[in-house]
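A.B. asks: What shape does this take:
(chains A and B)
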Amino acid sequence: MPQGELCNRQPIVTDEQLKLTLSDKSGKKYYAEMLELDVDTNALWATIQKTMKARLKTWLEICAHCGMCADSCFLYQVNDCVPEQVPSYKIQSTLGHIVKKKGQVDNEFMRHCMKVAWSQCTCCNRCGMYCPHGIDMGVMFSYLRGLLYSQGFVPWELKIGSGMHRVYRAQMDVTTEDWVETCEWMAEETEEEWPGLTIPVDKQDAEIMYTCNAREPKHYPEDLAEAAVLFHVAGTNWTVPSEGWEQTSLSMFAGDWECCKDNVNHVYDAIERLNPARVTGTECGHAHRATVIEGPYWAGREDGLPPKPYIHYVEWLAEALREGKLKIDPAKRIKEPVTLQDSCNYVRNQGLKDVTREIISYIVEPGYFVEMAPNKEHNYCCGGGGGFNGIGMYREQRNVALRKKMDQILDTGCKLVIAPCHNCWDAIRDLEEEYEIGIRWSFLKPLIIGMLDIPEGMRVEW
Amino acid sequence: MFKKILLATTGSPASFGAARVAFDMAKRYGSEVTIFHVVGVPTKAFSHVVNDVRTGEEVEIDEEYLAWVEEELKTTFAKQFEGADNAKIVLTTGVPAREILREARKADSDLVVMAASSGENASFHKGYPGSTLQKVAKAARCPVLSVHRESASYWGGFSNILFGTDFSKQAESAFKFALSTARELDCDLTIFHALDISGKVLDQNEIEENLIIARKRIREAYVPLMGDFKNYDIEVWEGTPYVEIVKLAREKSVDLVCLAHHTNELDPERARIGSTVEQVILRANCPVVSVSKPDKV
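C.D. replies: So this is what the prediction gives:
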């Protein structure tokens, strides 16, 4: 069978193809074409032989099917504990089967794998912590997603998502011009209230280079303004790059490995060009994982590190609060029960669990912080990770997945949830929209700005 | 001075008054009107899925849908379009306040005209200007004219302008705008300060003393800026500022109130209650223009 016009094995590399695929409402034509899409079994097997390394092979081999991972998976829990949701089953019956069959699988099986890979696993990596052998199904699913992507079996939105990265070098159609313009605009809008505030673009040798999530310049540029306010108040010598500012990687969710590498190199090029002392990004989990945790390996960096120390926003914020660069007015601290959403991507994947709690200790009146149970590295995915939030086809499954987080939040009794991750923030917003449990949610930036003890002369009093 | 008018509208009846004013002004002053409508607030992925601003339903944006919305707007404003040579419709998706600001900046609009609220969710929103207006009025570089009540529509050009001041920095921009409008359109201008005595216990002597001080302050701050412009008078009353502004506006048959909207409250939900501008918008019998920035005055 020939490949489809929209659903095929080629990545989207032109604006024209991108617009064409976007104009296909709900991916109707795309998914119809997928029914006919040929599996290039030889190429699939060749890719597996070339890319599947010892760790994954061993993991597939040594899985004892003990089922210890079952309860670790929130999707298993919220889906009535059906066996089809046991992590080891999910991966063995998909990737395991493809490997066993040496890639000789058909279209129907590939579509089944796509469904499992994108609607039954958010790559939150929680199962890996509970497996007696340390087998991480999240990592294996990321690998499986790559195989599926290379054969064209990828949800419509994610095919477009990685196409966006390839065409615009951002997950949305924000061009360099749009981005720089947004920086100017936000500086203009904010400087009046914060005299002396600037958003310096392409400044050499700054103390901090800041990167963000394309959703921000596209729809919520005040997030950039808020970052600028905090850098300004903290007296930081900072900059944003005109190119290489987009830290996210939908291609990581899509399994577009080549594009992942391109994305991260783009950011690394900016670091090398501007030579900042350190880099930090916005309040986003997957962006940090893509650029800082996985990125160095995609880029082939031998030390496994980005070109300069690259900290998560919560690390920068905690440091600024700790060192007194940002001071909190005790009278303005949060005095209502408040809970914290731990992002899988920087808490479980990088261990940044204590630093967020340190921030909490500065901004919440003692006695008002309520931990979710479980928490820190044991916390559950928000319910929309790994691209799940954005895929229309699996919206129903995603809404079921949100129930775990909803129960966790309800158990805390809090009406305010701090979510320093863009994806968690979206998922929590969606869960309120879907289940109406009467909660509010916030990033750290606006909360902190509201409670700053502002140095004399820094803010215009009206 | 109103070459480019941006009419930001949801297309709902709540914005009909604003639309009428915008088109009347356009016809009178030969302005270009852009009917700007934010179709929906993005929910997922690349903004192709949005919550429709009118129905709240999730819709997928495609050309067919956009064409349908445009047709609806054309039908809604059919009367206004008649004889308006220089009008166009611009549709977009995004967070409404942000997109209105983006468009005003991009098009270098001279005036944003909008309703005080979308008029939806009546039980909750009625009586409060929406957060969209608040955000736009706070950040726009150009004056923002709002029309809340149907009766507050413009019938025959501006002839009486009331400028209310709290002596803030932002009020300087509002004054400049009021003055140049009055000059250009040959209007009477009333410069007004309401001495805020709400919730205070003051003796009459103190009040009178403060009234004299305020009057002096107006003379010092604004009169020297007026040059040969003579059609003005100065009023200083005591009371709750928004009540006094509305009363004076009614008494003088004012057809444009000019104020500066400013607040240092970041959260529009919290800034909602108590702002003078917002209360005036809700109560005034004429359009209210908020000017906080010096750019377009």
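
A.B. asks: how much space between the residue in the stretch 201-350 of chain A that chain B sits nearest to and A:Ser343?
C.D. replies: In the stretch 201-350 of chain A, the residue that lies nearest chain B is A:His219 (5.3 Å; C-beta to the nearest C-beta). Placement of C-beta: from N, CA and C, glycine included. According to C-beta to C-beta, to the nearest Å, A:His219 stands 20 Å off from A:Ser343.

A.B. asks: So these two - more neighbours on which side?
C.D. replies: With neighbours defined as other C-beta atoms under 10 Å in any protein chain shown, A:His219 and A:Ser343 compare such that A:Ser343 has more, 32 against 19.

A.B. asks: per-residue confidence at the more buried one?
C.D. replies: Here, the pLDDT recorded for A:Ser343 equals 97.

A.B. asks: Helix or strand: which one has residue 88?
C.D. replies: Going with chain A. helix A:87-91 (DSSP states H and E).

A.B. asks: Actually, chain B is the one I wanted.
C.D. replies: Secondary-structure assignment from DSSP H and E places B:Lys88 in strand B:87-93.

A.B. asks: in that strand, what's buried?
C.D. replies: Buried residues in strand B:87-93, counting neighbours by 16 or more other C-beta atoms under 10 Å in any protein chain shown, are found at B:87, B:89-93.

A.B. asks: Next, format those as TSV and append distance to chain A and pLDDT.
C.D. replies: Output for the buried residues of strand B:87-93, formatted as TSV (distance: C-beta to the nearest C-beta, whole Å; pLDDT from 0 to 100):
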residue	distance to chain A	pLDDT
B:Ala87	26	91
B:Ile89	21	95
B:Val90	17	96
B:Leu91	16	96
B:Thr92	11	94
B:Thr93	9	92
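
A.B. asks: who in chain B is up against chain A?
C.D. replies: Contact residues, chain B versus chain A (C-beta under 8 Å from any C-beta of the partner chain): B:42-49, B:60, B:62-63, B:94-95, B:98, B:101-102, B:105, B:139, B:141, B:168-170, B:262-264, B:266-267, B:293.

A.B. asks: Show only the entries of those residues found in strands.
C.D. replies: For the residues of chain B next to chain A, the ones inside strands are B:42-44, B:49, B:60, with DSSP state E as the criterion.

A.B. asks: Report the buried members of those.
C.D. replies: Among these, those classed as buried by 16+ other C-beta under 10 Å are B:42-44, B:49.

A.B. asks: Buried members of the residues of chain B next to chain A into PyMOL, please.
C.D. replies: Per 16+ other C-beta under 10 Å, the buried members of the residues of chain B next to chain A correspond to this PyMOL selection:
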select buried, chain B and resi 42+43+44+45+46+47+48+49+94+95+98+101+102+105+139+141+170+262+263+293
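
A.B. asks: for whichever residue of the stretch 101-250 of chain B sits closest to chain A, what are its contacts?
C.D. replies: Chain A sits closest to B:Ala139 of the stretch 101-250 of chain B, with a gap of 5.2 Å, by C-beta to the nearest C-beta. Neighbour list for B:Ala139: A:189, B:97, B:101 [criterion: C-beta atoms under 8 Å, 6 or more residues apart in numbering or on different chains].

A.B. asks: Try it again at 7 Å.
C.D. replies: Listed by C-beta atoms under 7 Å, 6 or more residues apart in numbering or on different chains, the contact partners of B:Ala139 are A:189, B:101.

A.B. asks: Also A:Tyr297?
C.D. replies: Applying C-beta under 7 Å, 6+ apart, we find A:Tyr297 in contact with A:Gly304.

A.B. asks: ok, and it, which helix or strand is that part of?
C.D. replies: With DSSP H and E as the criterion, the answer for A:Tyr297 is helix A:295-298.

A.B. asks: so how far is that helix from its chain's centroid?
C.D. replies: Using C-alpha atoms, centre = their mean, to the nearest Å, the mean C-alpha position of helix A:295-298 is found 16 Å from that of the whole chain.

A.B. asks: Would you tell me what the next helix or strand after it is?
C.D. replies: strand A:310-311.

A.B. asks: ok, residues contacting that next one?
C.D. replies: Under the contact criterion C-beta under 7 Å, 6+ apart, strand A:310-311 has outside partners A:278-280, A:291-292.

A.B. asks: what about 8 Å?
C.D. replies: A:271, A:278-281, A:291-292, A:319.

A.B. asks: Next step: those residues restricted to helices.
C.D. replies: When those are checked against helices (DSSP state H), the matches are A:271, A:319.

A.B. asks: A:Lys261 and A:Trp298 touch, don't they?
C.D. replies: Yes. Proximity of A:Lys261 to A:Trp298 meets the contact threshold set by C-beta atoms under 8 Å, at 4.3 Å.

A.B. asks: What ranges does chain B have for its strands?
C.D. replies: For chain B, the strands defined by DSSP E cover B:4-8, B:32-44, B:49-52, B:58-60, B:87-93, B:111-115, B:144-147, B:160-164, B:188-196, B:232-239, B:256-259, B:288-290.

A.B. asks: List the pairing partners of the first one within its sheet, with orientation.
C.D. replies: Meaning strand B:4-8. Its sheet considered, strand B:4-8 pairs with strand B:32-44 (parallel), strand B:111-115 (parallel) by DSSP bridges.

A.B. asks: pLDDT of it, averaged?
C.D. replies: For strand B:4-8, the per-residue pLDDT values average out at 96.

A.B. asks: chain center to that strand, what's the gap?
C.D. replies: 11 Å.

A.B. asks: by how many degrees do that strand and strand B:87-93 diverge?
C.D. replies: With axes from the mean of the first three to the mean of the last three C-alpha atoms, to 10 degrees as the criterion, the two stretches strand B:4-8 and strand B:87-93 enclose an angle of 50 degrees.

A.B. asks: Ok, the longest one next?
C.D. replies: Relative orientation of strand B:32-44 and strand B:87-93, computed by the same axes, to 10 degrees: 10 degrees.

A.B. asks: mean confidence for strand B:32-44?
C.D. replies: Per-residue confidence for strand B:32-44 averages out to 90 on the pLDDT scale.

A.B. asks: May I ask you to confirm that A:Val264 is in contact with A:Ser251?
C.D. replies: No. Counting by C-beta under 8 Å, A:Val264 does not reach A:Ser251; the two are 9.7 Å apart.

A.B. asks: ok so, going back, tell me the buried residues in the helix holding A:Tyr297?
C.D. replies: Using 16+ other C-beta under 10 Å as the test for burial, helix A:295-298 gives A:295-296, A:298.

A.B. asks: In chain A, what residue lies closest to chain B?
C.D. replies: Closest contact between chain A and chain B, by C-beta to the nearest C-beta, is at A:Gly390 (4.1 Å).

A.B. asks: residues contacting that residue?
C.D. replies: Under the criterion of C-beta under 8 Å, 6+ apart, the contact partners of A:Gly390 comprise A:157-158, A:161, A:250, B:44-45.

A.B. asks: quick one on the thing from earlier: neighbour-wise, give me the winner out of the contacts of strand A:310-311.
C.D. replies: Neighbours were tallied for each of the contacts of strand A:310-311 (criterion: other C-beta under 10 Å), and the maximum of 29 neighbours falls on A:Thr291.

A.B. asks: In chain B, which residue sits nearest chain A?
C.D. replies: Among the residues of chain B, B:Ala45 lies nearest to chain A; the distance is 4.1 Å by C-beta to the nearest C-beta.
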